[in-house]
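S.K.: show me how the following folds:
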Amino acid sequence: MSIRAAKRPDTPIPIVGEAVGSPVGGFWSRLLVGNTPPSTPPSAPTAAPSISSLVLGSREEVPTTPAPTPATPAPSKDAGAVPTLIGFFPSHLYELPECALMTFRQANDTVQISDFPRRVMVKDAVIGTPAAVDAVAWSEMEAPEGAVGHVFSFSNEGRAVCKVEATLRNGTLERVAVVQANYSPLLVAAGFVPPSSLLVYNKPKAHLASLRALHADLATDDELGYVPTSELVVTKAVARLALDADEGAKGDAARRDWKTTRAFLCELSTCAADCVDQYARVEVDRTKAHELRAELETWRRHVA
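M.R.: Just a heads-up that it's a prediction; the model follows:
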């Protein structure tokens, strides 16, 4: 989830993190253990902001009477410079109060994210896909011997958003997978949905540890970059979701393990957001786009 490449304007930042390749067993293998991939359409995400480039016109003032042009010094080479950040996530453009979770993808072009007091551009920008969630339901999932498996299905207004698969052993998470409702190996391979529609953490604790280490390194190594396409963030709305599970021993176990799984998602969110913010500060300083600094971390009021 880190890169080591000089951050020059002509050097793109590649997707950071593990790429999603063909699944084990090929494209026609079963995705969910003991479950069928969701067939209902995903919840309509909270509208992401438009960050398409703007064409700014210019006006020339023509003097009413001819006048000799006085000799003027040559303008500074930095006058009117347009900062171009690389692999930057413009978090200040997103409205998150109605959002419960957000995954990420990386664009392959240059977009404009500000026009006042000057234009600011981003090359290979990170785009967020926010989604609202108003319910979470539980079902059992097959698991290896000695472990237990759960599927926590997120929905919004009755429409599937994603499924969180959790495998635990003695109350400790062994594996977590977040599968968006629009995920399909073939659609990912064809480029119709982003690789982040499937996020798998086979060693949850180790993944969190690597993010914390990366956060520390980002503060000291200006050749490191971070693109959160292998992570997600959740908002404080997730903590308010009550699990819909059966009564009895199995339901009680599901509610207990849901709390463990939710805690991991919140911790993952915090670690990923910390890395996003740290890298953003580095890019703002590198490009001298200081007008962005005041709003860099406003999204953290909502992100868990």
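
S.K.: shaky segments in the stretch 1-150 of the chain?
M.R.: The stretch 1-150 of the chain contains residues with pLDDT under 70 at 1-80.

S.K.: mind doing that once more with 50?
M.R.: 2-24, 27-79 (pLDDT under 50).

S.K.: just give the nearest non-adjacent residue to R169, would you?
M.R.: Ranked by CB to CB, 6 or more residues apart in numbering and with sequence neighbours excluded, the top spatial neighbour of R169 is A147, at 4.4 Å. Heads up, the C-betas are built off the backbone N, CA and C, glycines and all.

S.K.: I'd assumed G171 was in contact with that neighbour.
M.R.: No: applying CB atoms under 8 Å as the test, A147 and G171 come out as separate, 10.7 Å apart.

S.K.: what about the two, which has more around it?
M.R.: Legend: neighbour count by other CB atoms under 10 Å for A147 and G171, higher for A147 (14 against 10).

S.K.: picking that back up, could you pull up the residues touching the residue nearest to R169?
M.R.: Going by CB atoms under 8 Å, 6 or more residues apart in numbering, A147 touches 167-169, 174.

S.K.: could you give the backbone dihedrals for it?
M.R.: With angles defined as degrees, to the nearest 10, A147 sits at phi -120, psi 170.

S.K.: and the longest helix for this protein?
M.R.: What stands out as the longest helix in the chain, according to DSSP state H, is helix 249-287.

S.K.: spell out the residue ranges of the strands in the stretch 51-200 of the chain.
M.R.: Assigned by DSSP state E, counting those that start in this stretch, the stretch 51-200 of the chain shows strands spanning 84-86, 101-106, 110-114, 120-123, 126-131, 135-141, 148-156, 159-169, 172-180, 198-201.

S.K.: wait, which of those strands is closest to E247?
M.R.: Closest to E247 of those is strand 135-141 (CB to CB; 11.8 Å).

S.K.: and the angle for that closest one with helix 249-287?
M.R.: In terms of direction (axes from the mean of the first three to the mean of the last three CA atoms, to 10 degrees), strand 135-141 departs from helix 249-287 by 120 degrees.

S.K.: which positions within strand 135-141 qualify as buried?
M.R.: Across strand 135-141, burial judged by 16 or more other CB atoms under 10 Å covers 136, 138, 141.

S.K.: K259 - how many residues pack around it?
M.R.: The number of residues packed near K259 is 11, by other CB under 10 Å.

S.K.: and the one 5 residues further on, by the same measure?
M.R.: The burial metric for F264, expressed as a neighbour count using other CB under 10 Å, is 19.

S.K.: OK, contacts around the residue nearest the centre of the chain?
M.R.: Taking CA atoms, centre = their mean, the centroid of the chain lies closest to F104, which sits 3.2 Å from it. Contacts for F104 (CB under 8 Å, 6+ apart) come out as 89, 126-129, 196, 227-229, 231-232.

S.K.: closest to K288 among those?
M.R.: F89 (18.7 Å).

S.K.: pretty sure the closest one sits against V126.
M.R.: Yes: the pair F89 / V126 is scored as a contact, 3.9 Å apart, by CB under 8 Å.

S.K.: ok, the two, which is more surrounded?
M.R.: Between F89 and V126, F89 has the larger neighbour count (other CB under 10 Å), namely 27 against 24.

S.K.: how much space separates the more buried one from V233?
M.R.: According to CB to CB, to the nearest Å, F89 stands 10 Å off from V233.

S.K.: same question for P204.
M.R.: According to CB to CB, P204 stands 16 Å off from V233.

S.K.: the more surrounded of these two?
M.R.: Per other CB under 10 Å, whichever of P204 and V233 has more neighbours is V233, with 28 against 21.

S.K.: picking up where we left off before, any chance of CSV for the strands of the stretch 51-200 of the chain, columns distance to A242?
M.R.: Shown next, in CSV, are these (distance: least, CB to CB, whole Å):
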stretch, distance to A242
strand 84-86, 40
strand 101-106, 16
strand 110-114, 37
strand 120-123, 39
strand 126-131, 18
strand 135-141, 8
strand 148-156, 12
strand 159-169, 15
strand 172-180, 20
strand 198-201, 24
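
S.K.: of those, which is nearest D252?
M.R.: Comparison of the strands of the stretch 51-200 of the chain against D252 by CB to CB identifies strand 135-141 as nearest, at 11.2 Å.
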